[in-house]
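sequence below, structure please.
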Amino acid sequence: MHRTHLKLLVETQSKCVRQRKERWKIAPSVEEAGPEDFESPLMSFLRTILANDKGGGIRADDARMCIEKECRKSNNAPILPRELAYVLSTSTNLSDSELCIKLYLENCASVHLATIYASNHPTKKSHLWNIVVRWCLENDRLSNLLSSALHAGADLAKLVREIPDGRKIKNLKKLLLSR
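Residues are numbered from 1 along each chain as shown. Here you go, the predicted model:
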């Protein structure tokens with residue numbers, strides 16, 4: 001029964017995304033909003049069903065396969081990136097963790113979600129954090145990273161030391177003093 005619900009939710013949500021030609025976003029401005037400001041029906045279902053130890057007959061691998069199958073219909077574009085990232089976040093595999101970070105940063109456009117995921121990862125925190133920092137340096141998103149890191153309780157002094165000399169960051173002083 002739950003597998004049928006999962007399949008219907010994935011198909012329905014991806015159809016809506018295709019029709020609107022836009023991805024489901026968390027909120028109009030992800031960096032200003034919290035990660036819970038918007039949640040798709042599929043995400044609510046995944047959180048409920050995967051949080052249950054018994055899974056109601058659905059494993060994370062089943063959900064992943066269902067979402068990836070739908071992505072293949074869209075030329076392998078991650079049409080449901082936040083949902084796929086959530087399913088991947090249940091894995092302990094390093095490549096899944098790296099893909100999860102990539103989905104949050106590049107497809108969900110959310111430094112905030114990537115920061116939360118990296119800082120809470122049980123075993124690969126340092127490696128994932130380095131990926132987020134490197135991406136933010138390359139894509140001029142350091143102010144977003146500092147803001148998210150502040151909320152995640154990251155070591156801001158270490159983060160500031162990684163900023164290249166001469167790099168200007170909007171509201172850096174304000175961000176650091178707001179702690």
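
hey, where'd the helices end up in this structure?
Ranges of helices in the chain, per DSSP state H, are 2-20, 41-51, 60-72, 81-88, 94-102, 111-120, 125-138, 142-152, 156-161, 172-177.

where among these is average confidence lowest?
Out of these, the stretch the model trusts least by mean pLDDT is helix 172-177, with a mean of 76.

domain ranges for this protein?
1-90, 101-179 (automatic domain parsing).

tell me the gap between the last one and the middle of its chain.
The reference is to domain 101-179. A distance of 13 Å separates the centroid of the chain from that of domain 101-179, by CA atoms, centre = their mean, to the nearest Å.

before we move on, back to that, just put the domains of the chain in JSON lines and tack on mean neighbour count.
C-beta here means a position set from N, CA and C on the backbone, and glycine is covered the same way. Shown next, in JSON lines, are the domains of the chain (neighbours: other CB atoms under 10 Å):
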{"stretch": "domain 1-90", "mean neighbour count": "16"}
{"stretch": "domain 101-179", "mean neighbour count": "16"}
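
centroid residue for the chain?
Nearest to the mean C-alpha position of the chain, counting by CA atoms, centre = their mean, stands residue 104 at 3.1 Å.

how close does that residue sit to residue 148?
11 Å (CB to CB, to the nearest Å).

which neighbours do these two share?
111, 114 (CB atoms under 8 Å, 6 or more residues apart in numbering).

which pLDDT does the model give residue 124?
Among the per-residue scores, residue 124 holds a pLDDT of 90.

isn't it up against residue 94?
Yes - in this structure, residue 124 is within contact of residue 94 by CB atoms under 8 Å, at 6.1 Å.

returning to what we had before: ok, the residue nearest to the centre of the chain - contacts?
Residues in contact with residue 104, defined by CB under 8 Å, 6+ apart, are 81, 82, 85, 110, 111, 113, 114, 117.

ok, so of these, who is nearest residue 142?
For the contacts of residue 104, the minimum distance to residue 142 (CB to CB) is 9.2 Å, reached by residue 111.

gap between the closest residue to the closest one other than its chain neighbours and residue 17?
Using CB to CB, 6 or more residues apart in numbering and skipping the chain neighbours, the partner closest in space to residue 111 is residue 144 (4.1 Å). Distance check for residue 144 against residue 17: by CB to CB, it reads 24 Å.
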